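Student: compute the structure for the input listed below.
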Amino acid sequence: MGVMFVLAPSVSTAVSVAGLVPLARAKDGRCALLPQKAALGQVNGRACAPGKCVRVRNGRKTAVAAQAGAGAEVDDDAKLREQWIWVQGQGTEQEQMDAVDAFAKQLELGSVNPWPVFLHGLIFERFNKVDNALERLQKAIEWGFDLPDTRNHLALNQLRNGDFASARKHFVEAQRHRERALGNENHILHEYDSNLSQVTPPWPAQPLPFLQALVQYRFGDYASARRVLRLAQIAGTFAESEHSAEATLLLLAASARNDRTLAVVENEEMQRQVESLAPSFALVAQMYTCNSNEIEHVFGSIQSQISQASMEPGDAATLGFLVALACHAMPEKTAAICENAFERSRQALHRAKSLRMQDNAALDVYEQVLLWIESGKQ
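Tutor: Coordinates of the predicted model:
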């Protein structure tokens, strides 16, 4: 495993390698990443670059002035939040890139530190420059920033390019990193979660279990897709998520491909949740439970919902994709009505993407799954 880097507490020793200060052992036994310059100031026990450092207070970063032996704190949260425009996607692509570079310079991280490279990858991801995002994320891993977030974002962008095999591999590797950190308080991942994750852009797509299950579905491993989603629902991953309906409907699709009766049982457990989120999603659920005589009426009601001008294009695209997924999951039952479902879904996706300049990750993934389904490689 390569050297991994995060900002963290003071260390007793450090060795410079290729201009970086690599994983070092702190006095308390924890691993740490120092700014590129080895000389550190100390403010109330915190590690600071000469002149300033960053610490967490009330869940936010706070600037700390390393005044000679005094450790006076400068409450500069508002100013810092204004600088972190890349977190919530404020400004143009170049403005976000410049803000990351300025912040890295402020922390004296140096030009070959992997963390800013990782953030550059996420900015490219946000602006739908998938190839650029992949190049930066891969470089961040090569330079030592091999963490679950890096692997998961790499997998997401590989999905956007239709590379399901590579995405599957990186999702697995990300989970292995998480498992290694369980019960190990010295694992470098805890430093990332408590520090750098707060200045990292939010995840731009559906929750990870949904995407992981979709990959398993793509490879015909419907039992694994069901297991991933069921465990996530038991753990409450989708309880407050706007994507809980999509997760439930993907679970029904995987169940239908595996066992038609099982799909009905699972729907009886979850339909209340679907209905509470949106009537249109509940209609898709009905495709799994109604008989062959009723499904044409249900399908017509869904298409009427999608064609309504009041429906947000992204929602229409998502609903169209879930209908296409149901058609794939139940080909014999839906053959008479689904002839044009895939084409309609693709058109809805193209329309939604054309209206959005940022954060098309989820729609890209849907489009790639549709391409796979239509290719006949089920």
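Student: in three-state terms, label Gly144 for me.
Tutor: At Gly144 the chain is in coil, as set by DSSP: H, G, I helix; E, B strand; the rest coil.
Student: any idea how many residues pack against Ile141?
Tutor: Neighbour count for Ile141, taken as other Cβ atoms under 10 Å: 22. Every C-beta, even on glycine, is put in place using the N, C-alpha and C of the backbone.
Student: please name the nearest non-neighbouring residue to it.
Tutor: Thr150 (5.6 Å; Cβ to Cβ, 6 or more residues apart in numbering).
Student: show the model's pLDDT score for that neighbour.
Tutor: Predicted confidence (pLDDT) at Thr150: the value is 95.
Student: ok, so what distance separates it from Trp115?
Tutor: Shown here: Thr150 relative to Trp115, a distance of 10 Å by Cβ to Cβ, to the nearest Å.
Student: which neighbours do those two have in common?
Tutor: Each of Ala140 lies in contact with both Thr150 and Trp115 under the rule Cβ atoms under 8 Å, 6 or more residues apart in numbering.
Student: so how far is the helix or strand where Asn157 lies off the chain centroid?
Tutor: Counting by DSSP states H and E, the element that carries Asn157 is helix 148-160. How far helix 148-160 lies from its chain's middle: 7 Å, per Cα atoms, centre = their mean, to the nearest Å.
Student: distance of Thr334 from Met311?
Tutor: Applying Cβ to Cβ, the value for Thr334 to Met311 is 22 Å.
Student: now do the helix holding Asn157: which elements does it pack against?
Tutor: helix 114-126, helix 130-142, helix 164-181, helix 208-218, helix 361-374 (3 or more Cβ pairs under 8 Å, 6 or more residues apart in numbering; DSSP states H and E).
Student: which stretches of the stretch 1-150 of the chain have low pLDDT?
Tutor: For the stretch 1-150 of the chain, applying pLDDT under 70 flags the ranges 1-82.
Student: next, the buried residues of stretch 292-303.
Tutor: By neighbour count with 16 or more other Cβ atoms under 10 Å, stretch 292-303 contains the buried residues 295, 298-299, 302-303.
Student: put the alpha carbons of that stretch into CSV.
Tutor: As requested, the backbone C-alpha atoms of stretch 292-303 are provided in CSV (Å, rounded to 0.1, in the frame of the first residue of the first chain):
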residue,chain,number,x,y,z
SER,A,292,-50.5,-8.4,-16.8
ASN,A,293,-53.9,-6.9,-17.4
GLU,A,294,-53.3,-3.9,-15.1
ILE,A,295,-49.7,-3.0,-16.1
GLU,A,296,-50.6,-1.2,-19.3
HIS,A,297,-52.8,1.3,-17.3
VAL,A,298,-50.0,1.8,-14.7
PHE,A,299,-47.5,2.3,-17.5
GLY,A,300,-49.7,4.9,-19.1
SER,A,301,-50.1,6.8,-15.8
ILE,A,302,-46.3,6.9,-15.4
GLN,A,303,-45.8,8.3,-18.9
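Student: what's the offset of it from the middle of its chain?
Tutor: On Cα atoms, centre = their mean, the centre of stretch 292-303 falls 34 Å from the chain's centre.
Student: still on that earlier bit, nearest to Ile188, of the helices and strands packed on helix 148-160?
Tutor: Nearest to Ile188, of all the helices and strands packed on helix 148-160, is helix 164-181, at 8.1 Å by Cβ to Cβ.
Student: run through the neighbouring helices and strands of the closest one.
Tutor: Going by 3+ Cβ pairs under 8 Å, 6+ apart, helix 164-181 lies up against helix 148-160, helix 188-194, helix 208-218.
Student: how about 10 Å then?
Tutor: helix 130-142, helix 148-160, helix 188-194, helix 208-218, helix 361-374 (3 or more Cβ pairs under 10 Å, 6 or more residues apart in numbering; DSSP states H and E).
Student: can you add distance to Gly91 and give these back as JSON lines?
Tutor: As requested, the helices and strands packed on helix 164-181 are exported to JSON lines (distance: least, Cβ to Cβ, whole Å):
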{"stretch": "helix 130-142", "distance to Gly91": "18"}
{"stretch": "helix 148-160", "distance to Gly91": "20"}
{"stretch": "helix 188-194", "distance to Gly91": "25"}
{"stretch": "helix 208-218", "distance to Gly91": "27"}
{"stretch": "helix 361-374", "distance to Gly91": "19"}
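Student: looking at those helices, spot the one closest to Ala317.
Tutor: Evaluated with Cβ to Cβ, those place helix 361-374 nearest to Ala317, the distance being 5.8 Å.
Student: just want the angle from that closest one to helix 114-126.
Tutor: Taking axes from the mean of the first three to the mean of the last three Cα atoms, to 10 degrees, one finds that helix 361-374 is oriented at 60 degrees with respect to helix 114-126.
Student: chain center to helix 361-374: distance?
Tutor: With Cα atoms, centre = their mean, you get 16 Å for helix 361-374.
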